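Novice: I need the structure of the sequence given here:
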Amino acid sequence: MQLSGKKSGEGTSGSPVREKGWLKLDNAAKLFPAIMSEDLTLVFRLTVTLKEPVKYSVLSKAVELTSRRFPYFSVSLGSGLFWNYLEMNEKLPRIQAEEEIPCTAFAVSRKSETLYRILARGRRISVEFMHILTDGSGALEYLKSLLYTYLQLAGKPVGDPGDIILPETPPSEEEYEDGYNKYFRKVPPPAKIVKAWHLPFRLSEKPRLSTVEAEVSVREVLEVSRRYKASLTEYFVSVYLYSLQEIFHTENKNRKRPVSRVLRVQVPVNMRTKFPCRTLRNFSLFVMPETDIRLGSYSFEEILRSVHYQLQLSTDVKQLSRFLSSNVSYEKLMLIRVLPLFIKKMAITAIYRGLASKRMTGIFTNPGAVNIPGWMHEHIDHFSLVPPPPNRWVKVSAGMISFGDRLMICFSNITRTRELERLVLKRLASDGVHVRILNNNLNNRKR
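Specialist: Numbering: from 1, shown residues only. Next comes the predicted model:
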């Protein structure tokens, strides 16, 4: 499938987007070129661990077939006079050995590389994507397609693919869409929020990122969350906020200078569950449940009750439309549209550092359960993810993903302490959830 830079009439499938050879950045991605850095890479990792060692030659062929099916990922970052854009090409993602430090920066200035890569090690196949391309839902669709193709080429008996995207199927125009602009309508903006408290931990030496990964039983966590009459996400966000509250009181009990006393966790919402949208580019918005310690300390049950109602209200489609409207409205302002790109970048960077990055204490992402056909289960051990490296204010972020009865939790940390991870996992254990630490490279890295 030849999709790169074709002129009209040169044998393309007739798509105007594919014929012109470039794509506009979606609304979420327009922020990223201005704020990304060697540390703030905006890269996340999804991994599938098989029950047999990965065959590199088979993986290489599977990557070639699969990547041709997702042409909107085979792009490099271009710079115009007013906006960055995605320049389509025929380059395949690089396949490389899994590195000790996950989610390292892409060399976006190199036009010879795509903005996602494939990693292999032992029984593991991983994909790392820049958020400029897509969110976790889009990346998971790619990984599922790659996994299906790999198993087929490896000679495994394949069955019904279900909703997995197959390499031989043509891409639809809906997969290219900017969902933010498609479902934009002008509505009143959300209420402004005050700055949040941040973890006081010292940053690590460069390279800063370390991870802690743990495994728990889906059945056990669901039993606990049902006991509290909460969803799994509501339960974990509450554990997160409760652990942050413990750290807050420990770090500030003898502090005389006033500090912000609002603890807030950013939680992405997959907007494809709210609108009939099939885009495989970014289409997520964020809600931010909080605990305001200016009103006093909270028991775990109080936090859980508050988080339940906050998430129920803020994930209502009408409320989410306010965030969508607020985000898209700025790019539609004539003043913003006519500003040269270098001025836009300076403005975005200043706003991000001065406001946006300081609105949350932590970040938690949960793509949910991986849904694949039953016949594939016998070849797969588990799925896992590494959330993007947090910025220097948030410092620690968390993510989880489940497959079967295995729920994998991963913390990305750029500090010298793992106190937040310890408190979160301790709370899970105190509620009766058996926790198994799979890796902790915080202790294996030179400080």
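
Novice: From residue 277, how far off is the residue positioned nearest the centre of the chain?
Specialist: The geometric centre of the chain, computed from its C-alpha atoms, lies nearest to residue 136 (C-alpha atoms, centre = their mean), at 4.8 Å. Going from residue 136 to residue 277 by C-beta to C-beta, to the nearest Å gives 15 Å. Any C-beta I mention is one placed from the backbone N, CA and C, and that applies to glycine too.

Novice: Look up how far residue 30 lies from the closest residue to the residue nearest to the centre of the chain other than its chain neighbours.
Specialist: Of all residues not flanking residue 136 in the chain, residue 367 sits nearest, at 4.5 Å (C-beta to C-beta, 6 or more residues apart in numbering). Residue 367 sits 23 Å away from residue 30, going by C-beta to C-beta.

Novice: Contact partners for the residue nearest to the centre of the chain?
Specialist: Going by C-beta atoms under 8 Å, 6 or more residues apart in numbering, residue 136 touches 44, 46, 268, 270, 284, 365, 367, 385.

Novice: let's see it at 7 Å
Specialist: Contacts for residue 136 (C-beta atoms under 7 Å, 6 or more residues apart in numbering) come out as 44, 365, 367.

Novice: got it, and residue 103?
Specialist: 41, 43-45, 128, 209, 386, 388-389.

Novice: any idea which of those is the one closest to residue 217?
Specialist: residue 386 (21.1 Å; C-beta to C-beta).

Novice: Which of the three states applies to the nearest residue to that closest one once chain neighbours are set aside?
Specialist: Nearest residue to residue 386 in three dimensions, chain neighbours excluded: residue 45, at 4.1 Å (C-beta to C-beta, 6+ apart). Put simply, residue 45 is strand when judged by DSSP: H, G, I helix; E, B strand; the rest coil.

Novice: Next: residue 382.
Specialist: Criterion first, three-state DSSP; result for residue 382: strand.

Novice: Show me what the nearest residue to it once chain neighbours are set aside is bridged to.
Specialist: Nearest non-adjacent residue to residue 382, counting by C-beta to C-beta, 6+ apart: residue 406, 4.6 Å away. Counting by DSSP bridges, residue 406 forms beta bridges with residue 217, residue 403.

Novice: Start at 27, not 1
Specialist: Will do, 27 is the new start, and the previous item becomes residue 432.

Novice: can you pull the contacts of residue 432?
Specialist: 241, 244, 408.

Novice: got a markdown table for those residues, with pLDDT and neighbour count too?
Specialist: Output for these, formatted as a markdown table (pLDDT from 0 to 100; neighbours: other C-beta atoms under 10 Å):
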| residue | pLDDT | neighbour count |
| --- | --- | --- |
| 241 | 98 | 15 |
| 244 | 98 | 15 |
| 408 | 97 | 20 |
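
Novice: Distance to residue 325 added to those residues, as TSV?
Specialist: Shown next, in TSV, are the contacts of residue 432 (distance: C-beta to C-beta, whole Å):
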residue	distance to residue 325
241	28
244	26
408	34
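
Novice: which parts of the helix ranked longest in the chain are buried?
Specialist: Selection of the longest helix in the chain by residue count, based on DSSP state H, yields helix 258-278. When burial is assessed from 16 or more other C-beta atoms under 10 Å, helix 258-278 yields the following buried residues: 258-274, 278.

Novice: helices and strands around it, which ones?
Specialist: Under the contact definition 3 or more C-beta pairs under 7 Å, 6 or more residues apart in numbering; DSSP states H and E, helix 258-278 sits against helix 244-253, strand 288-296, helix 326-340, strand 388-395, helix 445-456.

Novice: what's the closest of these to residue 147?
Specialist: Among the helices and strands packed on helix 258-278, strand 388-395 sits nearest to residue 147 (C-beta to C-beta), with 21.8 Å.

Novice: which residues touch that closest one?
Specialist: 162-163, 166, 259, 262-263, 266, 270, 291-294, 413, 416, 420, 422-429.

Novice: ditto for stretch 291-309
Specialist: So stretch 291-309 is in contact with 52, 54-55, 98, 157, 160-161, 163-164, 167, 198, 200-201, 203-206, 208-209, 263, 266-267, 310-315, 341, 343, 346, 386-391, going by C-beta under 7 Å, 6+ apart.

Novice: Show the average pLDDT along stretch 358-366.
Specialist: The average pLDDT within stretch 358-366 is 74.

Novice: Kindly report the same for stretch 419-433.
Specialist: Rounded mean pLDDT across stretch 419-433 is 97.

Novice: could I get the helices and strands packed on helix 258-278 as CSV with distance to residue 356?
Specialist: Formatted as CSV, the helices and strands packed on helix 258-278 follow (distance: least, C-beta to C-beta, whole Å):
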stretch, distance to residue 356
helix 244-253, 37
strand 288-296, 19
helix 326-340, 20
strand 388-395, 22
helix 445-456, 33
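
Novice: and residue 94, which of these is closest to it?
Specialist: Taking those one by one with C-beta to C-beta, strand 388-395 is closest: 24.8 Å.

Novice: Report the strands that pair with the closest one, each with its relative direction.
Specialist: strand 288-296 (parallel), strand 422-429 (parallel).

Novice: C-terminal to that strand, what's the next element?
Specialist: helix 400-403 (DSSP states H and E).

Novice: Report the distance from that following helix to the chain centre.
Specialist: 25 Å (C-alpha atoms, centre = their mean, to the nearest Å).

Novice: List the buried residues in that helix.
Specialist: residue 402.

Novice: where are the low-confidence patches of the stretch 227-376 of the chain?
Specialist: 280, 282-284, 361 (pLDDT under 70).

Novice: With residue 261 as the reference, measure out to the closest residue to residue 183 other than its chain neighbours.
Specialist: Residue nearest to residue 183 in three dimensions, not counting chain neighbours: residue 401, with 7.5 Å by C-beta to C-beta, 6+ apart. Residue 401 sits at a distance of 32 Å from residue 261 (criterion: C-beta to C-beta).

Novice: what do you get for residue 277?
Specialist: Counting by C-beta to C-beta, the gap from residue 277 to residue 261 is 25 Å.

Novice: Over to residue 408?
Specialist: Residue 408 is 21 Å from residue 261, by C-beta to C-beta.

Novice: now residue 309
Specialist: From residue 309 to residue 261 the distance is 26 Å (C-beta to C-beta).

Novice: any idea how far residue 180 is from residue 397?
Specialist: On the measure of C-beta to C-beta, residue 397 and residue 180 end up 22 Å apart.

Novice: These two: who's more crowded?
Specialist: Remark: of residue 397 and residue 180, residue 180 carries more neighbours, 18 against 11, as counted by other C-beta atoms under 10 Å.

Novice: Helix, strand, or coil at the nearest residue to the more buried one once chain neighbours are set aside?
Specialist: In this structure, residue 180 finds its nearest non-sequential neighbour in residue 84, 4.9 Å apart by C-beta to C-beta, 6+ apart. Going by three-state DSSP, the secondary structure assigned to residue 84 is helix.

Novice: before we move on, back to that, in terms of pLDDT, where does the residue nearest to residue 162 sit?
Specialist: 93.
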